[in-house]
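Enquirer: Mind folding the following:
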Amino acid sequence: MFITPAYAQAAGGAAANPIMQFLPLILIFAIMYFLMIRPQQKKAKEHKAMVEALRRGDQVITQGGVIGKVSRVKEGENEVEVEIADGVKVRVVKSTIVQVLNKTEPAANK
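Expert: Numbers count the residues shown, from 1 in each chain. Predicted coordinates:
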């Protein structure tokens with residue numbers, strides 16, 4: 001007599017379906033995945049491919065804003081040698097290269 005039938009039905013319905021309680025959390029995670037995580041992973045994959053494709057003669061921009069030409073790529077190591085002026089060469093970590101301005105064509109094998 002103390003509880004009306006309307007309150008009793010509402011309490012029973014909410015406890016009977018726990019999936020509906022987690023549905024907003026699942027939707028938030030799905031939205032965050034498609035708006036934040038997936039594009040970031042795609043961009044990281046493209047950057048890795050760009051860095052792996054570096055060759056001698058490519059003109060590049062580093063994270064610090066230095067523009068130079070790749071003079072040597074060290075295959076076993078994680079660095080390249082970039083010429084930033086005539087006779088001025090610096091060693092740069094590959095991952096700090098932001099953009100390749102001019103790609104050089106590979107030399108034809110004869």
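Enquirer: can you pull out the strands in the protein?
Expert: For the chain, the strands defined by DSSP state E cover 59-62, 67-73, 79-85, 88-93, 97-102.
Enquirer: Quick one: mean pLDDT for the last one?
Expert: Average pLDDT, strand 97-102: 91.
Enquirer: partners of that strand in the sheet?
Expert: Strand 97-102 pairs in its sheet with strand 59-62 (antiparallel), by DSSP bridges.
Enquirer: So which residues make contact with the partner strand?
Expert: Residues outside strand 59-62 that contact it (CB atoms under 8 Å, 6 or more residues apart in numbering) are 54, 67-70, 82, 92, 96-102. No exception for glycine: its C-beta is placed from N, CA and C like everyone else's.
Enquirer: let's see 10 Å
Expert: Here strand 59-62 makes contact (CB atoms under 10 Å, 6 or more residues apart in numbering) with 50-51, 54, 66-70, 80, 82-84, 90, 92-94, 96-104.
Enquirer: In PyMOL, select just the buried ones from those.
Expert: The buried residues among the contacts of strand 59-62 can be selected in PyMOL (16 or more other CB atoms under 10 Å) with this line:
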select buried, resi 50+51+54+68+69+70+80+82+92+94+97+100
